[in-house]
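# sequence and computational prediction follow.
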Amino acid sequence: AQSVTQLDSHVSVSEGTPVLLRCNYSSSYSPSLFWYVQHPNKGLQLLLKYTSAATLVKGINGFEAEFKKSETSFHLTKPSAHMSDAAEYFCVVSDSGGYQKVTFGTGTKLQVIP
Amino acid sequence: EPEVTQTPSHQVTQMGQEVILRCVPISNHLYFYWYRQILGQKVEFLVSFYNNEISEKSEIFDDQFSVERPDGSNFTLKIRSTKLEDSAMYFCASGAGGPNQPQHFGDGTRLSIL
């Protein structure tokens, strides 16, 4: 069984300040973990993925995430928020290699204040 | 970069009518999925499809739902007799399969049942 918990439903940051979106997972096997972003009225775009290689994963648009097995966490960070980062972010887990169904977190809405 | 495309972007249908949502997955992908997102709720898995058959389905995917890959390029979701609670955003995804491969999502079809 697998599950994912996104600890914050809303996060608000000022433009130029760091972003931290938190995610904890539960998995029976070695998980694959992903972050997706959804802009309003758009589909889900892959930001980055962890697949048991390096624990610090770099993605698009300056985002990165660190896999911490001891904490069962996969938090998403960015050093400096940009207005275009305002969107909803989903943490996703798969413990079957990513080719069967995945489980989504409930999402975190990121607001960026000018 | 190849994309998953979904049509239509918005479908309005009377309750009780049949509706078909269409998807064109990425051409060399082998695994296909449908998800739905009711407004304000999390993204939920509906069904996965591989080798011309359903590989897994959720309890949401009851007898009213069916999927088909009629011609080797399209992947369709049919809802036989729509209900008000079927109103949601429906996302198609495809994946190359195998360990560590992320799913690629379309922009979704917004289904509104009147």
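Received it, and whenever you're ready, just let me know what you need. Just so it is clear, the model here is predicted, and its values are computed rather than measured. Numbering: from 1, shown residues only, chains lettered A, B, ... in the order given.
# for residue B:105, give its distance to chain A.
4 Å (Cβ to the nearest Cβ, to the nearest Å). Quick note: C-beta positions are derived from backbone N, CA and C, even for glycine.
# pretty sure that residue contacts residue B:95?
No. Using Cβ atoms under 8 Å, residue B:105 is not in contact with residue B:95, being 10.1 Å away.
# okay, stretch B:63-76 in PDB with CA atoms only?
C-alpha atoms of stretch B:63-76 as PDB (Å, rounded to 0.1, in the frame of the first residue of the first chain):
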ATOM      1  CA  ASP B  63     -19.800  -0.700 -14.900                       C
ATOM      2  CA  GLN B  64     -20.700   2.800 -16.200                       C
ATOM      3  CA  PHE B  65     -17.100   3.300 -17.300                       C
ATOM      4  CA  SER B  66     -15.200   1.700 -20.100                       C
ATOM      5  CA  VAL B  67     -11.900   2.300 -21.900                       C
ATOM      6  CA  GLU B  68     -10.800   1.400 -25.300                       C
ATOM      7  CA  ARG B  69      -7.800   1.800 -27.600                       C
ATOM      8  CA  PRO B  70      -9.700   1.500 -30.900                       C
ATOM      9  CA  ASP B  71      -7.000   2.300 -33.500                       C
ATOM     10  CA  GLY B  72      -3.600   2.200 -31.900                       C
ATOM     11  CA  SER B  73      -3.400   5.900 -31.400                       C
ATOM     12  CA  ASN B  74      -6.500   7.000 -29.500                       C
ATOM     13  CA  PHE B  75      -7.400   6.000 -26.000                       C
ATOM     14  CA  THR B  76     -10.900   6.700 -24.900                       C
END
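# and the residue most central in space within chain B, what are its bridge partners?
Ranked by distance to the mean C-alpha position of chain B (Cα atoms, centre = their mean), the top residue is residue B:34 at 3.1 Å. Beta-bridge pairing of residue B:34, defined through DSSP bridges, involves residue B:47, residue B:92.
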